[in-house]
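Engineer: Output the structure for:
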Amino acid sequence: MRSAAPKTITRTYLNRFGDVRAQHAGPDADLLPVTGAQRRFLHTASLDPLERRAVVPLFLEYPAGTVSVPRLAQAARAVVGLNPALRSTVEIVGGIPVQRVRREGDVTVEEVPDVRTALDDWPEQRGPFRLLLARESTRDLLALAFDHVACDEFSIGLIIEQLADAYAKDQDAPVAGTDPYGHAVARQLEREDAASGPEAVAHWERRLAQAAPGHWGRGVPLNQGGPSRSVSRRVAPADLSGQARSKLFPTLLAACRLATADYRDVAPVSYAWGGRAADDDEPVVGCFINTVVACPAGESDDPYEDALFGWWEDLEWADTPFDEVLRAARRARLPWAGHLDVLLTLDDRSRRPSLVLDGVRGEECHMAGMRVQAPIVVSASYDVRELRLRVDRDPALVPDETAGHVADTLAARLGATAR
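Structural biologist: The predicted model follows:
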């Protein structure tokens, strides 16, 4: 007879956090709990032999000489003042991770000869937001970089708007309190706890029952074999608006399943989802987006159709934290134990604001060789004209021909589906 379901990880953590906060909060900083998304990135960093941070970068090109370092630094300080997440550090206090939000933050514009090399070296004393500028003969290359523990991809658009506004005003800004951010964290943890009960656990145990343990690099640290490699494809669909746009993500997810169906023991495709409720107040910068695993549904012999069916079924439980899903799998003694082979991300470029500095719009660009968060990372971005697909991979774990096969399969499926 199976024992009663244990307390949720989120509830157990919050109970412990209440005791820690009462003992350790100080006058110069506030303590806040971490979200389920933050717990996952902290665990990921602990598995890296060098304990490097997971970095979310945005690279922008400007004509040479465009960027004013003093004004950009002042604007960055204003942005940090507005966002408690960018003034926070994650520390282990009383045996659990907590966010220590400082009353003031510190950020500078670092002029460097090589942006990618500089990003790989993130000193412990640096905050979660960095700006790196490489002055080249034909361009200014600006990197906005975020520690993933503090900031998810959704937050970048908010920060760009704030940074452009502060740069244009060219003046200091007051430091905001922690209440809106603390409220958003509390709301997120409530959703995670609600999505971690017996019904959620039963759902994920059932969905993970046929999940394979992993194919590329299982039990091997990532990013040990040199810079990542990339292959790109462009698709020009007939329509990327309205109903066609709403079908794009599940179609991408199903295409990823199809592209890896010929390889043995591939773990479920994972993706970022949710993290903010539709009825939330003003959007808040932070790390709220959950990592979800797309397991086989067992409803069709066609891996593409089966993935589409499973995605719709999983949406109800997309707020179940990754560590809670992993505990369900281990408790049921399933083959999958948390390994990620393929990570899918989707970015709507038409909704992301541009960072305009003195009337000059920064052009987003790709920086080759950045560290990856899974052996294969499929990055899709789109506007009303085209869909761009990029497959990044750890070259020590994934051969070139495999990445090419994945990219070609995705492009063929997306092109056929769009038409």
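
Engineer: What is the one helix or strand Tyr181 maps to packed up against?
Structural biologist: Taking DSSP states H and E as the criterion, Tyr181 maps to helix 179-194. Contacts defined by 3 or more Cβ pairs under 8 Å, 6 or more residues apart in numbering; DSSP states H and E place helix 179-194 against helix 9-24, strand 29-32, helix 36-47. (Each C-beta comes from the backbone N, C-alpha and C, glycine too.)

Engineer: Identify all contacting residues around the longest one.
Structural biologist: It refers to helix 9-24. Applying Cβ atoms under 8 Å, 6 or more residues apart in numbering, the contact partners of helix 9-24 are 31, 33, 36, 39, 93-96, 98, 189, 192-193, 196, 321, 323-324, 327.

Engineer: show me where the protein has helices.
Structural biologist: For the chain, the helices defined by DSSP state H occupy 9-24, 36-47, 69-82, 115-120, 153-169, 179-194, 198-208, 242-246, 248-259, 303-314, 322-331, 400-418.

Engineer: need the contact list for the spatially most central residue of the chain.
Structural biologist: By Cα atoms, centre = their mean, the chain has its centre lying nearest to Asp152, at 5.0 Å. Asp152 makes contact with 37, 56, 272, 275, 286-289 under the criterion Cβ under 8 Å, 6+ apart.

Engineer: possible to save these as JSON lines with pLDDT?
Structural biologist: Below are the contacts of Asp152 laid out as JSON lines (pLDDT from 0 to 100):
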{"residue": "Ala37", "pLDDT": "93"}
{"residue": "Val56", "pLDDT": "91"}
{"residue": "Ala272", "pLDDT": "89"}
{"residue": "Gly275", "pLDDT": "64"}
{"residue": "Gly286", "pLDDT": "95"}
{"residue": "Cys287", "pLDDT": "94"}
{"residue": "Phe288", "pLDDT": "94"}
{"residue": "Ile289", "pLDDT": "91"}
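
Engineer: quick one, what contacts Arg393?
Structural biologist: 228-230, 372, 375-377, 402-403.

Engineer: Same list (those) but as JSON lines, adding neighbour count, pLDDT and distance to Pro180.
Structural biologist: Below are those laid out as JSON lines (neighbours: other Cβ atoms under 10 Å; pLDDT from 0 to 100; distance: Cβ to Cβ, whole Å):
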{"residue": "Ser228", "neighbour count": "20", "pLDDT": "94", "distance to Pro180": "36"}
{"residue": "Arg229", "neighbour count": "16", "pLDDT": "95", "distance to Pro180": "41"}
{"residue": "Ser230", "neighbour count": "19", "pLDDT": "95", "distance to Pro180": "37"}
{"residue": "Val372", "neighbour count": "20", "pLDDT": "92", "distance to Pro180": "33"}
{"residue": "Pro375", "neighbour count": "28", "pLDDT": "96", "distance to Pro180": "38"}
{"residue": "Ile376", "neighbour count": "27", "pLDDT": "97", "distance to Pro180": "37"}
{"residue": "Val377", "neighbour count": "21", "pLDDT": "96", "distance to Pro180": "32"}
{"residue": "Thr402", "neighbour count": "20", "pLDDT": "95", "distance to Pro180": "45"}
{"residue": "Ala403", "neighbour count": "21", "pLDDT": "95", "distance to Pro180": "42"}
